[in-house]
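*Asks:* below is the sequence, then the predicted model.
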Amino acid sequence: MKRAMVTGGAGFIGGHLVRRLLSEGVEVTVLDDLSSGKRETVPPEARFIQGDVLDPAAVAEAMEDAQACFHLAAVASVVRCNEALIASHMVNVTGMLRMVEAITAAGRPIRLVYASSAAVYGASQDLPLAETAATTPLSPYGADKLGCELHARAAWEVCRVTSTGFRFFNVYGPGQDPTSPYSGVISKFADRLLANQPVTIFGDGLQSRDFVYVADVVEGLVRAARSDETGARVLNICTGSEVTILELARVMAEAFNRPPVINHVDGLSGEVRHSRGDATRLEAALGYRPRTTLAEGLGKLRAALEAA
């Protein structure tokens, strides 16, 4: 892999991926419309195209000479997807099809690695969640991501586009904007703790999540792009461990050396109670699984925030 294109490369995960690829000598083109990402996230060594994943010309330009396409661009906010069904569907699903279309038109092997989501599982409590579990999404966002997986399968059958889709669980790490609707609970908690303000928990706080450090996610993306496997596969990217939000607040307060002051507010309607992934298939396919413990990841996050 000498050249790669990254959609959403000005975002949180995309920015980490771009820096990793550049550090390994890969030439990178970033395609991002900056609707949620930031231009300063993209290193100057990368070629940057400000454009829409729905624009065939912009996608084709970004795909020039690429051997891998990392497709991370999406409307990843569940709330925004709920409020703008058609617009978000166009970005999330039609954007995926633009990648398939451009890869097919290129007439050469280009490996597609794309972001799916644990949201495809919905409220399934068959824990740990393996890729064989039922997919019954509870949100338009989850439905869009499941649609991307189905289109990836069809793209292999019809166009022989090889792909790997990653069902991201709760990704965290340096670089998340706590004020963004796309950011997770860890970035919001960290922002409040550093400001010596109480953290807010929805409901009783006993809902649990599988938190995976961003560098471990990037490792999976890169390994998938360098794999010789063909076909259309879908893999969880998770730790296989879960922690309650209440325990997370306590652990983070300790990691940030702050008193754990918590405000409880009404729970969110339709919120998944528990989520924990199974990384068995990931390890079998790519020879690794996320190893960064929550304590280690929070330590790295704190160090990065304090250095900023």
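*Replies:* Here it is on my side, so go on.
*Asks:* flag every buried residue along whichever strand or helix holds residue 192.
*Replies:* Element membership of residue 192 [criterion: DSSP states H and E] is helix 185-194. Residues of helix 185-194 classed as buried by neighbour count (16 or more other C-beta atoms under 10 Å): 185, 186, 187, 188, 189, 190, 191, 192, 193. (Glycine included, C-beta is placed from N, CA and C.)
*Asks:* equivalent analysis for stretch 26-44, please.
*Replies:* Residues 26-33, 36-37, 41-43 are the ones in stretch 26-44 that count as buried (16+ other C-beta under 10 Å).
*Asks:* quick revisit: next SSE after the helix holding residue 192?
*Replies:* Next in sequence after helix 185-194, counting helices and strands by DSSP H and E, comes strand 199-202.
*Asks:* sheet partners, orientation included, of that next one?
*Replies:* Looking at strand 199-202 with DSSP bridges, its partner strands are strand 262-265 (parallel).
*Asks:* how about residue 141, nearest residue that isn't a chain neighbour?
*Replies:* Across the structure, with C-beta to C-beta, 6 or more residues apart in numbering as the measure, the residue nearest residue 141 apart from its sequence neighbours is residue 81 (4.1 Å).
*Asks:* residue 176 and residue 72, how far apart?
*Replies:* Summarising the geometry, the distance separating residue 176 from residue 72, computed by C-beta to C-beta, to the nearest Å, is 14 Å.
*Asks:* hmm, I typed the wrong one, I wanted residue 91.
*Replies:* In this structure, residue 91 and residue 72 are 12 Å apart, going by C-beta to C-beta.
*Asks:* neighbour count for those two, which is higher?
*Replies:* residue 72 (25 against 22; other C-beta atoms under 10 Å).
*Asks:* residue contacts, the more buried one?
*Replies:* 6, 7, 8, 9, 11, 13, 14, 17, 114, 115 (C-beta atoms under 8 Å, 6 or more residues apart in numbering).
*Asks:* look at the closest residue to the second one other than its chain neighbours and report its pLDDT.
*Replies:* Computed as C-beta to C-beta, 6+ apart, the closest residue to residue 7 that is not its neighbour in sequence is residue 73, at 3.8 Å. We have a pLDDT of 98 for residue 73.
*Asks:* how about the strands in the stretch 201-308 of the chain?
*Replies:* Across the stretch 201-308 of the chain, reading from the start of the chain, the strands by DSSP state E, counting those that start in this stretch fall at 208-209, 211-213, 232-237, 243-244, 262-265.
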